[in-house]
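Engineer: structure for this input, please:
(chains A and B)
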Amino acid sequence: MKFEEINLSGFGKYPKARCRVTRPPGIFEINEILKTDSVLARGLGRSYGDSSLNDKGVVAESILMNRFIAFDEETGILRCEAGVTYKDILDTFVLRGWFPAVTPGTKYVTMGGAIASDVHGKNHHNVGSFSSFLLSFKILLASGEIMECSRTQNSDLFWATVGGMGLTGFILEAEIQLKKISSPYLTNRSLKLKNMDELFDKLEEFDADYHYSVAWMDIVASGKSYGRNVLLLGNHAGSDELTNKLKAISSKKYIEKKISVPFEVPFATLNKVSITLFNSAFYMAAKNKIEFVHYDKYFYPLDFILNWNHIYSKSGLIQYQLNVPEDKGKEAIDKVLKKVVAFGGGSFLAVLKKMGAQDGILSFPFKGYTLSMDFPVKKGVVEMCKVLDEIVVDYGGRNYLTKDSILDEKTFKQMYNGLWEKWMKIKMKYDPENKFTSNQARRLGLCPS
Amino acid sequence: MSLLILGANSLIAQAAAAHFAEAGHEIIFGGRKQDEPEKYAGDFSIRYKIKSRAEYIDALDYASHKKFIEDLLAKTPDLDYVLIVFGYLGTQDKAQADFTEAHRIIDTNFTGIVSVCELLAAEFESRKKGNIAVISSVAGDRGRQSNYMYGSAKGALTVYLSGLRNRLFKSGVNVLTIKPGFVNTPMTYGMPLPKPLVASPEKVGKDIYNAMIKRKSIIYTPFYWKWIMFIITSIPEFIFKKLKL
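Structural biologist: Okay, here's the model as predicted:
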């Protein structure tokens, strides 16, 4: 087997670690590595921090194991290998009237990654996360045994693996339920709102009527403009609602137009002036309106710019995503936002949305509100995030491990109190020697360092 | 219409096959590892809603080739396109020290392909139509100390294909010699290659599809390898032999 030793990082480009990376074509090769080394499966490396890094063993990229296995045209149930991506599914099935029931904000995510992070989308408040539509999966255990897991079969391993950050085994195959759609378009309603009070009122008023809902918030503005935001509400558009022009486009194969940031910018393009302009411009340009939006633009606006993370120069970025309980949620988010504004804001807009209940043991979502932001890595950022951690813990909230790069073990265990212990028992049952481990898992005390 | 791939695990072949599949062709994945070609056939039949199947073939089991081609043509009489990507890079140092390795490099990259090509050529020649495309390599354009075992087998293949093309031209059968440069595949994985010169399998696959459809004779892919190899082959031998290449 061939290995490549490289300075690897997640999508945030922070932190970096020297890792031995390989691309196993199948189970035989993964078993070979397990004989001598610890292993961490990695898909397309879209998690932001160090959850896809393993500098004490091998990082095994799943990209060669990316084949569809079975599809039922009647029921929309798809079985595929774990390296299949959202892009593969969209390119193949949208024209046939099927759509991923839950999608994250990029289509460059594998099904293995979607399980390990138990990804959520703009419809979490209505339907839950990826695992709600995951019927079963096949996983390779440290012992070499291959297990099929579902809600009824090896269910302890099922619930420990969804949101389990790839630490229970090597996910090989997934069976998922797709959602029936009749057009590739969404009806999007934009509401330009002055502050957080308006936003929370509108979320209450509209969330049940719209399948998708998310708010983009200006996290630079202070004073009278503090907390201004744009709420985007959407539903899948029926083919009969579309204009003739859009109907004609819908029936043809969709061809993406993409641009790329070809190299890391050598200096910080993101400074006080540029991020203030960006945040303001977004709000100023927003209008109260209803329009048809193609799914690619609706769900994956940043995929349009390949390698958009390059604008963060070499030092990279920290993504920070928290979830706080519904009760006092507004108060908690207000506290966090005030800290961020006082710090000088994040780089892009913050994303706020309402979350529903969730079952996976380490799955991030629970009923409440989530806020996600990104910060260029610079002096004081980590310290500021630590202050945010305290607020999150105080309010009984938690951070998303897929975005995390800085939580310490104590804070993590407070955030996932009662859950990490439950998860650890199952981990010890199926992987007692910690053959599956990551830099993040060692930092958080989920695996010994 | 249908396409036969020999060497189903190749990412380059799969990328080329994707274009044929989108145009509605049946795809037959021939390969040595039993279950891998089947997985690709299953994937293609779902992804592109086409007919696709797997067939077992070992490039080095010459005696089996005749029956393989006969059975294949019996099942798929309308076979028009064949893309052969059998290949083995091997290790130059090992091949210098151990003739078994050298032999395997020569046989996989040359002898096995000649065996299959002759059988296909006879069939296509009598039908007076058909397309044979074979992946050779820029490494076959000039021998270098770092990989002349692989390079010489590919060089022989290039010469063989040139002769075959000359023979089959009058029968209306096209023979395409494909010379890829560095491609990001498991074969080159982990090698210290100059990144700007490493192409994606998708790019190379698209070039191959276009060349097959347009019935080209020789292509370099990506195109700039034609100029790189022009320079490399133009260096006088008395200088070339002193270079560390």
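Engineer: what's the neighbour count on the residue of chain A found nearest chain B?
Structural biologist: Per C-beta to the nearest C-beta, A:R67 is where chain A lies closest to chain B, at 3.7 Å. Yep, even glycine has a C-beta here, placed from its N, CA and C like the rest. As a burial measure, A:R67 scores 22 neighbours (other C-beta atoms under 10 Å in any protein chain shown).
Engineer: need the three-state assignment for the residue of chain B found nearest chain A.
Structural biologist: Going by C-beta to the nearest C-beta, chain A is nearest to B:D43 of chain B, at 3.7 Å. Secondary structure state of B:D43, per DSSP: H, G, I helix; E, B strand; the rest coil, is helix.
Engineer: enumerate the residues of the stretch 1-150 of chain A near chain B.
Structural biologist: Residues of the stretch 1-150 of chain A lying close to chain B by C-beta under 8 Å from any C-beta of the partner chain are A:2-4, A:22-23, A:25-26, A:64, A:67-71, A:81, A:88, A:92.
Engineer: make it 10 Å
Structural biologist: A:1-6, A:20-26, A:61, A:63-71, A:73, A:78-81, A:84, A:88, A:91-93, A:96 (C-beta under 10 Å from any C-beta of the partner chain).
Engineer: that older thread, please name the nearest non-neighbouring residue to the residue of chain A closest to chain B.
Structural biologist: The shortest distance from A:R67 to any non-neighbouring residue, by C-beta to C-beta, 6 or more residues apart in numbering or on different chains, is to B:D43 (3.7 Å).
Engineer: what's the burial count for the one you found?
Structural biologist: B:D43, neighbours per other C-beta under 10 Å, totals 22.
Engineer: any idea where the strands of chain B begin and end?
Structural biologist: Along chain B, the segments classed as strands by DSSP state E run B:2-6, B:26-31, B:52-56, B:79-84, B:131-135, B:174-180, B:218-221.
Engineer: which element follows the helix or strand containing A:V214 toward the C-terminus?
Structural biologist: If you go by DSSP states H and E, A:V214 is part of strand A:212-217. Next in sequence after strand A:212-217, counting helices and strands by DSSP H and E, comes strand A:229-236.
Engineer: parallel or antiparallel, list what pairs with that following strand.
Structural biologist: According to DSSP bridges, strand A:229-236 has the following sheet partners: strand A:185-193 (antiparallel), strand A:212-217 (antiparallel).
Engineer: are the longest strand belonging to chain A and chain B in contact anywhere?
Structural biologist: Ranked by number of residues, the top strand in chain A under DSSP E is strand A:170-180. No - for strand A:170-180, no contact with chain B is found by C-beta under 10 Å from any C-beta; the gap never falls below 11.0 Å.
Engineer: show me the contact partners of stretch A:244-257.
Structural biologist: Contacts to stretch A:244-257, defined as C-beta atoms under 10 Å, 6 or more residues apart in numbering or on different chains, come from residues A:87, A:90-91, A:94-95, A:107, A:182-185, A:237, A:239-243, A:292, A:294-296, A:300, A:303-304, B:22.
Engineer: hmm, 6 Å instead?
Structural biologist: A:183-184, A:292 (C-beta atoms under 6 Å, 6 or more residues apart in numbering or on different chains).
Engineer: which residues touch B:D207?
Structural biologist: B:D207 neighbours (C-beta under 6 Å, 6+ apart): B:T221.
Engineer: let's see 7 Å
Structural biologist: B:219, B:221-222 (C-beta atoms under 7 Å, 6 or more residues apart in numbering or on different chains).
Engineer: out of those, who's nearest B:S137?
Structural biologist: Looking at the contacts of B:D207 and their distance to B:S137, the nearest is B:T221, at 10.7 Å (C-beta to C-beta).
Engineer: mind checking how far the closest one is from B:T177?
Structural biologist: 11 Å (C-beta to C-beta, to the nearest Å).
Engineer: how about B:I106?
Structural biologist: 18 Å.
Engineer: the more surrounded of the two?
Structural biologist: B:T177 (25 against 21).
Engineer: and that one, what's its pLDDT?
Structural biologist: Listed pLDDT for B:T177 reads 98.
Engineer: so it sits against B:I218, correct?
Structural biologist: Yes - between B:T177 and B:I218 there is a contact under C-beta atoms under 7 Å: 4.6 Å.
Engineer: once you drop chain neighbours, what's closest to B:R144?
Structural biologist: B:L245 (4.2 Å).
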